[in-house]
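Trainee: Any chance you can model this:
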Amino acid sequence: MAFQAAYFGLYGRTECTYKPAMTKAFLHGRTEAIRTVQPESVEFTKMFLSEAYNQERILALRRACERHVALMKECSQGLRQDRHIYALYCLYQRKLSENLDPLPDDPVPNAATTAQAALPSIFADLGWNLLGTSILSTSNCGNPALRLLGLVPLLRVDTALATSSRRME
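Mentor: Okay, here's the model as predicted:
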């Protein structure tokens with residue numbers, strides 16, 4: 001929520017945000033994408049920079065965090081759609097390249113070369129492009145081995161919070 005509030009404070013808009021959820025409970029499980037921008041988080045970011053009372057801000061933050069925790073649980077249980085749809089997209093690209101059973105060293109199909117084929121409507125939808133373009137990512141920002149990776153977003157959060165004339169108490 002801090003990343004989204006800081007970004008909204010700096011740029012006045014909400015952007016697609018990516019956060020990974022571990023799916024290691026599944027055989028070969030890796031991650032699912034948590035799309036953290038939800039109505040509750042948008043309400044919080046707007047309220048955070050508004051004239052609202054601190055109690056209202058805290059309540060909005062609590063609702064946004066509760067929704068976020070629910071999303072994380074759903075994603076970890078494989079109950080969201082992001083990776084499933086992406087897998088279908090990758091299979092479609094493989095079909096167009098006529099290589100449905102690739103070897104590990106085979107090249108990945110180039111979307112530019114397959115773009116001439118008519119995309120199924122789900123992949124031609126504007127929502128697909130929007131979800132596939134993450135502006136903010138909270139992936140690995142807390143890992144000490146990647147300290148410099150997290151430096152720029154964290155500076156943005158600090159700057160936005162420091163310049164906000166109204167802070168949450």
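Trainee: contacts and neighbour counts: CA atoms only from here.
Mentor: OK.
Trainee: Out of the helices and strands in the chain, which is least certain?
Mentor: In the chain, the helix or strand scored least confidently by mean pLDDT, DSSP states H and E is helix 151-163, which has a mean of 39.
Trainee: Remind me what the helix or strand containing Glu32 packs against, helices and strands.
Mentor: For Glu32, the host element (DSSP states H and E) is strand 31-35. Contacts defined by 3 or more CA pairs under 8 Å, 6 or more residues apart in numbering; DSSP states H and E place strand 31-35 against strand 17-22, helix 54-76, helix 82-96.
Trainee: What's the mean pLDDT across the shortest one?
Mentor: Right, the one you point to is strand 17-22. Confidence over strand 17-22 (mean pLDDT, whole number) is 87.
Trainee: gap between the most far-flung residue of the chain relative to its centre and Glu15?
Mentor: Within the chain, Glu98 marks the point farthest from the mean C-alpha position, 31.2 Å out by CA atoms, centre = their mean. Distance, Glu98 to Glu15, by CA to CA, to the nearest Å: 36 Å.
Trainee: Please apply the same query to Arg35.
Mentor: For Arg35 relative to Glu15 (CA to CA), the value is 10 Å.
Trainee: got any ranges where this structure has weak pLDDT?
Mentor: The chain contains residues with pLDDT under 70 at 109-116, 140-169.
Trainee: Apply 80 and report the result again.
Mentor: Across the chain, the ranges flagged by pLDDT under 80 are 99-100, 102, 104-118, 131-132, 138-169.
Trainee: what's the neighbour count on Glu66?
Mentor: Other residues lying near Glu66 total 14 when counted by other CA atoms under 10 Å.
Trainee: and if you look at Asp105?
Mentor: Neighbour tally, Asp105, other CA under 10 Å: 6.
Trainee: mind listing what Met74 touches?
Mentor: Slight slip there: residue 74 is Glu, not Met. Applying CA atoms under 8 Å, 6 or more residues apart in numbering to Glu74 gives the contacts Arg80.
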